[in-house]
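Participant: coords below, sequence missing:
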């Protein structure tokens, strides 16, 4: 069973949603409901408070993560130099970032 939710949107937001719905061939209400389900309906929360996911997704998640191992290529070998990082941060914190 579903729930009904009434939203008040700005004209600009509604226009964007309406355009997306038209492109998908559906109503703004159905498009938004689908977008929300896709965003928030992925992880189901069990009664114990933990997320439950299908076994296939539980197995695929680490594999997707591990594909990125070794992907970082640092051009500057000193990019991991903590003293340099601290100096860069101090310079940024001191900068007001105001336009000249």
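Facilitator: Arrived safely. Note that the structure is predicted; figures quoted are calculated from it, not measured.

Participant: Quick check on residue 96: phi, psi?
Facilitator: The phi and psi values for residue 96, taken as degrees, to the nearest 10, are phi -80, psi -10.

Participant: could you measure it against residue 34, distance?
Facilitator: From residue 96 across to residue 34, the span is 45 Å (CB to CB, to the nearest Å). Yep, even glycine has a C-beta here, placed from its N, CA and C like the rest.

Participant: and these two? which has more neighbours close in?
Facilitator: Taking residue 96 and residue 34 together and counting by other CB atoms under 10 Å, residue 34 has the greater number of neighbours (14 against 5).

Participant: In terms of secondary structure, what does the helix or strand harbouring that one contact?
Facilitator: Residue 34 is located in helix 28-40, with elements delineated by DSSP states H and E. Judged by 3 or more CB pairs under 8 Å, 6 or more residues apart in numbering; DSSP states H and E, helix 28-40 is in contact with helix 11-24.

Participant: Kindly calculate the angle that the helix it packs on makes with helix 28-40.
Facilitator: If you take axes from the mean of the first three to the mean of the last three CA atoms, to 10 degrees, helix 11-24 sits at 90 degrees to helix 28-40.

Participant: Helix 11-24: which residues count as buried?
Facilitator: 17, 21 (16 or more other CB atoms under 10 Å).

Participant: and if you look at stretch 24-34?
Facilitator: So, applying 16+ other CB under 10 Å, buried residues of stretch 24-34: 28, 31, 32.

Participant: ok, the second one - contacts?
Facilitator: Residues in contact with residue 31 (CB atoms under 8 Å, 6 or more residues apart in numbering) are 17, 20, 21, 24.

Participant: wait, what's in contact with the nearest residue to it once chain neighbours are set aside?
Facilitator: In space, and not counting its chain neighbours, residue 31 is closest to residue 21: 3.7 Å by CB to CB, 6 or more residues apart in numbering. Neighbour list for residue 21: 27, 28, 30, 31, 32 [criterion: CB under 8 Å, 6+ apart].
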